[in-house]
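Engineer: using only what follows, build the 3D model:
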Amino acid sequence: MSRRRRLIEATLKPHGGHVEVHFTLNRIQHIVRRHADSGDTFLKVGDGELEHVREEDVRALLPIHAYSQKQLSSVSVRVEELNRFVTAPIRAHLDNFDRSISDVSGRLRENYATLQRFRDLQSNVARSVLLEKSLADQAANLRASLTGLSDEDRILLDQKPTVDQVRRAISQWDQDLGQSVDAVDSLVQQLGIQADGLSSVVGAPSSLGDGAEGVRTEIQSVLRELAATLTGAVTAARASMAEDHALAIQRHSVGVEISRLDAAYEDVKARSTAHETRLAELNDVESRRTAAGDLLNEQRRQLAGLGQPQELHSRLRSELIRLYGERSDCLDGQCREVTALSGGLLHAEMRRGHGLGDVEVKFRAVTAGSNVRGSRFEDFFRNIRTDSDPLTTWEAVLIELETLLLAGPDKQVQSEQTPNLTRLGIPEPDQKRIQQKLSTDGWLDLAMTPIADDPIFQYQTKEKEFIAFEQASAGQQATALLRVLLAQTGMPLIIDQPEEDLDSQVIEDVVTQLWKAKRGRQVIFASHNANLVVNGDAELVVVCDYRASGDQSGGRIKLEGAIDIPEVREEITHVMEGGEKAFRLRKEKYGY
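Structural biologist: Residues are numbered from 1 along each chain as shown. Okay, here's the model as predicted:
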C-alpha cells in the first residue's frame, strides 16, 4: 500500500494525472476514472456521462480478485485475506444480507425509543390510576362525612364524580374525532401521491406494454376512487362537527345539563356553611381528582397511539437472528465449496457466533466502573464461545441484561431470572455491580453489535491430517489458494507473477487448471514463466517494456497479440527463454 502511494505521488500527482480502467459488462462499455490529486472516482456507463461515485460502488459493479507479487504465499498472515476466498464469490449475497440486517437494525433502534416511551407511559398510567383511585376514595369519604343534608342535596353531592366523568369523556371524544378526521385527510393526500407516482414502463414490447399500461391505469383509478370516497367521508365528518349539526346540538344539550348540575352542586356547598372546612377540602380533592383523571385519559390515549412496540421489538429481534443465521448458512456453504475446489488441500470451516471480539469490547465499555474483574469477562465470553449455539446463548444473555436494566438499581433480581448469566460465570454479586452501570443506550448499543462468524483454515498434509494453514509452507499455501481461484467462476482474476509463489513441480498442474479456468472467468497473469504463457495457451499476450533502454522510470506496451503471431512468439522466446540460442542449447543438453 505504501509503495503504491509513493508511486502515485512520484508520477501522477505532479502532473495532475489520473488512472482510467475500461471494462465491458455484457457488451456495455464502462469507464472508471480516478484522479490522483483529489482521489475522486468517476464512472461512465455506456453512452452516459462521467458521474462521481464511491469506491464501494465500483467494487460492487466490478468485483475483482487481485493479488500482487508474492501475496498468495503470504495471505495466511492476514485473516481478512483468507476470508476473501470465502466471501468474494458470494459478495453480492452477503451485501444483500448486510443491507437487510442494517435495515432491521435501524428499525430496531427506532422502535426501541418507542418501546421506552411505551414502558414509561405504562408506569405513569399505573401511578395515575393509583392517584385517581386514592383521590376518589378521599372524596367519597369526605362526602359521606357531611351530615344534616337533605336527600336531594346528598344525591347531588354523590353524583358529582359521574358528572365530572361525563365532562372528561365528551372532551376526549371530541379530541379523538378531530384527530381521526385529520388522519384520514392525511391518508387521502398519501393516496394521491401514490397514484401520481405510478409511472409508465418505457421500452416494453407492445404485446406486453399495452397490458402493463392497462394495469397501471386501473390501479391509479382504484387509488383515486378510494381517495375520493375518503375525501367525501372527511367532508361529511367536518360538516357533522359544524354548529348547526345534530352532533353540536346534542353536545350543547349535554353541556347545558352539566352546567345545571354544576350550579346545583355549588348551591349545595354554599348552603352547607356548617361544613365549610370539609367542603373546601372536598373541593380541593375533587379538583385534584379531575386533573388526575384528565392526565390519566391523556396518558392512555398516548399509550394506545404507540401500538404494540414490545411485540414489534420481539419480531424484529427474531428477524435479525434469522438474517444472521441465513448469512452464516451462506458462508458455511461457501466454506464447503472452497474446501472442495481446493481438492481438499485447504479445509475451510466457519464457526458460527465465535467472533465475539467486538461484543466483548462493547460489554466492557457499557459496564466500565462496575469493578467486575477482567478475568470474569474473559471466562464469560470463553464460555459463550464454547456453548453449542453461541448466537442463541447471547440472545438469552441480552434478555437477562435487559431484565437487570428494567428492574432498576434499587431492585434485587433473583438468580432464577438470570440463569444464563449465572451459568456462564457472572455470579449474583457481579450482576448487581453490572446492573448499577447499565443504561438504556448502553444496552441498545450492546444488542446492536453483531456477532461475527469465526473462520478456521487448515491445510491437509495427509488424508484426514491437518495443520493450521499458517503453518503450511509458502508453496503449499499458494498452491491450495491458486487451486481455489482457478476453480471459481465469475469475477476477473489478476495475479502478478504467480510462479514466484509456486513450487516448480506444480506449475504443470496450474497450467491444466488454467485451460478450464478461462471458460468461467477472465484470467490476467503478469508472468516471466513460459509454461504459464505458452502451455497455458494465453489468448492475448501483452509485452511491456521501458520507453528508453536503461530508463526504468517510464513504461510502455511494446507489443500485444496472440501466441500465433510471429512477433509475439519472438518476444516470448527472448524474454522467457533467454533467446532462441539459449532455448536450443537447453534442448540439446536435455537430449530432446
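Engineer: list the contacts of residue 331.
Structural biologist: With contact taken as CB atoms under 8 Å, 6 or more residues apart in numbering, residue 331 is in contact with 86-87, 90, 94, 350, 453. Yep, even glycine has a C-beta here, placed from its N, CA and C like the rest.
Engineer: can you check residue 133 too?
Structural biologist: Residue 133 makes contact with no residue, according to CB under 8 Å, 6+ apart.
Engineer: between the contacts of residue 331, which is nearest residue 240?
Structural biologist: Sorting the contacts of residue 331 by how near they are to residue 240, with CB to CB, puts residue 94 at the top with 56.5 Å.
Engineer: so which of the contacts of residue 331 is the most crowded?
Structural biologist: The most neighbours of any of the contacts of residue 331, using other CB atoms under 10 Å, belong to residue 86, which has 24 neighbours.
Engineer: quick check: which element contains that one?
Structural biologist: For residue 86, the host element (DSSP states H and E) is helix 79-87.
Engineer: could you do residue 60 as well?
Structural biologist: helix 55-61.
Engineer: and that helix, what does it pack onto?
Structural biologist: When contacts are defined as 3 or more CB pairs under 8 Å, 6 or more residues apart in numbering; DSSP states H and E, helix 55-61 packs onto strand 41-45, helix 91-144.
Engineer: what packs against the first one?
Structural biologist: If you count contacts as 3+ CB pairs under 8 Å, 6+ apart, strand 41-45 packs onto strand 28-35, strand 51-53, helix 55-61.
Engineer: just put those in TSV and tack on mean neighbour count, distance to residue 10 and mean pLDDT.
Structural biologist: Output for those, formatted as TSV (neighbours: other CB atoms under 10 Å; distance: least, CB to CB, whole Å; pLDDT from 0 to 100):
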stretch	mean neighbour count	distance to residue 10	mean pLDDT
strand 28-35	15	16	92
strand 51-53	12	26	92
helix 55-61	13	22	83
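Engineer: mind listing the helices for the stretch 351-500 of the chain?
Structural biologist: Secondary structure of the stretch 351-500 of the chain, counting by DSSP state H, counting those that start in this stretch: helices at 357-366, 374-386, 390-407, 419-423, 428-437, 440-448, 474-487.
Engineer: relative to helix 428-437, how tilted is the longest one?
Structural biologist: Here the directions of helix 390-407 and helix 428-437 differ by 70 degrees (axes from the mean of the first three to the mean of the last three CA atoms, to 10 degrees).
Engineer: show me what counts as buried in helix 390-407.
Structural biologist: Neighbour-count burial for helix 390-407, with 16 or more other CB atoms under 10 Å as criterion, is recorded at 390-391, 393-398, 400-402, 404-405.
Engineer: picking that back up, and after the helix holding residue 60, which helix or strand comes next?
Structural biologist: Tracing the chain past helix 55-61, the next element assigned as helix or strand by DSSP H and E is strand 65-67.
Engineer: tell me which strands that next one pairs with, and in which orientation.
Structural biologist: Sheet neighbours of strand 65-67, with direction, are listed as strand 493-496 (parallel) (DSSP bridges).
Engineer: could you list the alpha-carbon positions for the following helix or strand past the partner strand in PDB?
Structural biologist: Taking DSSP H and E as the definition, the helix or strand that follows strand 493-496 towards the C-terminus is helix 507-517. As requested, the backbone C-alpha atoms of helix 507-517 are provided in PDB (Å, rounded to 0.1, in the frame of the first residue of the first chain):
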ATOM      1  CA  ILE A 507       3.300 -25.400 -12.400                       C
ATOM      2  CA  GLU A 508       2.100 -28.000 -14.900                       C
ATOM      3  CA  ASP A 509      -0.900 -28.700 -12.700                       C
ATOM      4  CA  VAL A 510      -1.700 -25.000 -12.700                       C
ATOM      5  CA  VAL A 511      -1.400 -24.900 -16.500                       C
ATOM      6  CA  THR A 512      -4.100 -27.700 -16.700                       C
ATOM      7  CA  GLN A 513      -6.300 -25.700 -14.400                       C
ATOM      8  CA  LEU A 514      -5.800 -22.600 -16.500                       C
ATOM      9  CA  TRP A 515      -7.400 -24.300 -19.500                       C
ATOM     10  CA  LYS A 516     -10.500 -24.900 -17.500                       C
ATOM     11  CA  ALA A 517     -10.500 -21.600 -15.700                       C
END
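Engineer: what's helix 507-517 packed up against?
Structural biologist: Checking 3+ CB pairs under 8 Å, 6+ apart, helix 507-517 ends up next to helix 474-487.
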